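> got a sequence here, can you model it:
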Amino acid sequence: MELTSKIYIAGHRGMVGSAILRNLQKKGFKNFILKTSEEIDLRNQQQVADFYEKEKPDYVFIAAAKVGGIQANNTYRAEFLYDNLMIQNNLIHQAYMNKVRKLLFLGSSCIYPKLAPQPLKEDYLLSGFLEDTNEPYAIAKIAGIKMCENYRRQYGCDFISAMPTNMYGPNDNYNLNNSHVLPALIRKFHEAKEQNLPFVEMWGTGAPLREFLHADDLGDACVFLMQNYDGIKHVNVGTGTDLSIKDLALLIKKIVGYNGEIKHDLSKPDGTPRKLMDVSYIHSLGWKHKIELEEGIRMVYEDFKKKTGIKVW
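Okay, the predicted model is just below:
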C-alpha cells in the first residue's frame, strides 16, 4: 500500500475496524473511504455494487460483521448466518468485479472444530464438528475464507484472510445480553463495586481456557499482513498464550478493585473447552503482539470508566 492509496475499511466504527484505522493513520495513510451502516447496508447487493462502482477503492479491509457472545450467537442463529454471509459475499464479490488491488477478510477462531487439538493450527480447518452455540457464525466465516481462497484460485485476486483469537479493546460492546466474556466481566465487576454488591455472578464453571488479543495488536497485524502477505491460506493472529475464564475473572476483579465474591451460574454453558491459536506462522512472517493481557485490561478499564458517563451500553 502507498500512503496515497484509497483504502476502504468496512466496519470502521467497530472495535477491530477502528483499530485498523488508528494503525493506518499512525503510519501516515490518509485516503480513507469510511461509510456507516446508515449510509450503506452491506447486506444489500445493489447498494454495495453502487458503492464500489462510485468509490473504486484500491485496498479493502473487511471488519464489518454481526457479532456477539454465546447467548447472542445461540439466540439469533439465522441472523448471524444470513447477515454475515450477505455482508462478506457482497464485499468480496464486488472487490473482484471492481478490480480491488488487495482485500483482507477477518474471520474468527470459532471456525475451528470444537475438539480440535490445541493449539489450533491453520490446517485444522474443516477437520471436525463445530461448537454448536456459535456454528452459524463459524459457518459464515468459513465461507468467507473459502471465497477469498477460491477467488484467488479462479480469478487471481489478491484476497487474504486473517483469523484473530478473542478480542478486546476500545469500542468494545458492554451490553450484558450480547457481549463477549471479557467486557461483560469488566462491566459486572465495575457495577458490583459501584453498588457495593456482595457477589458477582459469572456463567459456567470458569474452567474453559481462552486467549485474548488487544484490538490495537490486531489492527497492527492486519496492516502488516496487507503489506507483507499474499499467500492462499488464512493466517492465525493471537498471542499464543491462554488462561481460564476463572483466572480472567480474578484478574479483572483485581484491576477493578472489587472485594466481593464470585459465584458461578452452572445452568449456563461453558462453550468450547479451549481455544488457543498456534501463531507460529505469523511469527515466522515477522509479526508478534506487543500488549500483554494485564496491561491491556488496565487500558480498557480506564477507557470504560471515561465512557460510563456517556453511556456505554
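
> quick one: low-confidence parts of this structure?
Across the chain, the stretches falling below the confidence threshold (pLDDT under 70) are 178, 309-313.

> can you do 50?
Within the chain, the segments meeting pLDDT under 50 span 310-313.

> tell me where the stretch 1-150 of the chain has helices.
Taking DSSP state H, counting those that start in this stretch as the criterion, the stretch 1-150 of the chain contains helices spanning 15-26, 45-55, 70-75, 77-97, 135-155.

> would you put the C-alpha positions of stretch 208-220 in CSV?
As requested, C-alpha coordinates have been extracted for stretch 208-220 and formatted as CSV (Å, rounded to 0.1, in the frame of the first residue of the first chain):
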residue,chain,number,x,y,z
PRO,A,208,-12.6,-23.2,29.8
LEU,A,209,-9.3,-21.7,28.6
ARG,A,210,-9.3,-18.6,26.4
GLU,A,211,-6.7,-16.4,24.6
PHE,A,212,-7.2,-12.7,24.4
LEU,A,213,-5.7,-10.2,21.9
HIS,A,214,-5.9,-6.4,22.2
ALA,A,215,-7.6,-4.8,19.2
ASP,A,216,-4.6,-2.5,18.6
ASP,A,217,-2.4,-5.5,18.2
LEU,A,218,-4.9,-7.0,15.7
GLY,A,219,-5.0,-3.7,13.8
ASP,A,220,-1.3,-3.8,13.6
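
> how far is it from where the chain is centred?
Distance of stretch 208-220 from its chain centroid, counting by CA atoms, centre = their mean, to the nearest Å, is 8 Å.

> ok, stretch 28-47 next?
Taking CA atoms, centre = their mean, one finds stretch 28-47 lying 18 Å from the centre of the chain it belongs to.

> for residue 185, the count of nearby residues, please.
When neighbours are counted by other CB atoms under 10 Å, residue 185 registers 23. Using the backbone N, CA and C atoms, a C-beta is placed for each residue, glycine as well.

> and residue 12, by the same measure?
When counting by other CB under 10 Å, one arrives at 21 neighbours for residue 12.

> the chain: strands as residue ranges?
Listed in chain order, the strands of the chain (DSSP state E) span residues 7-10, 32-33, 59-62, 102-106, 159-164, 166-168, 199-203, 209-210, 212-214, 235-237, 243-244, 261-265, 274-275.

> save those as JSON lines, and put in mean neighbour count too.
As requested, the strands of the chain are exported to JSON lines (neighbours: other CB atoms under 10 Å):
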{"stretch": "strand 7-10", "mean neighbour count": "26"}
{"stretch": "strand 32-33", "mean neighbour count": "17"}
{"stretch": "strand 59-62", "mean neighbour count": "26"}
{"stretch": "strand 102-106", "mean neighbour count": "24"}
{"stretch": "strand 159-164", "mean neighbour count": "24"}
{"stretch": "strand 166-168", "mean neighbour count": "22"}
{"stretch": "strand 199-203", "mean neighbour count": "17"}
{"stretch": "strand 209-210", "mean neighbour count": "20"}
{"stretch": "strand 212-214", "mean neighbour count": "24"}
{"stretch": "strand 235-237", "mean neighbour count": "25"}
{"stretch": "strand 243-244", "mean neighbour count": "15"}
{"stretch": "strand 261-265", "mean neighbour count": "13"}
{"stretch": "strand 274-275", "mean neighbour count": "21"}
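
> adding distance to residue 177, write those strands out as a markdown table.
As requested, the strands of the chain are arranged in a markdown table below (distance: least, CB to CB, whole Å):
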| stretch | distance to residue 177 |
| --- | --- |
| strand 7-10 | 25 |
| strand 32-33 | 32 |
| strand 59-62 | 26 |
| strand 102-106 | 24 |
| strand 159-164 | 23 |
| strand 166-168 | 18 |
| strand 199-203 | 12 |
| strand 209-210 | 20 |
| strand 212-214 | 21 |
| strand 235-237 | 27 |
| strand 243-244 | 24 |
| strand 261-265 | 15 |
| strand 274-275 | 22 |
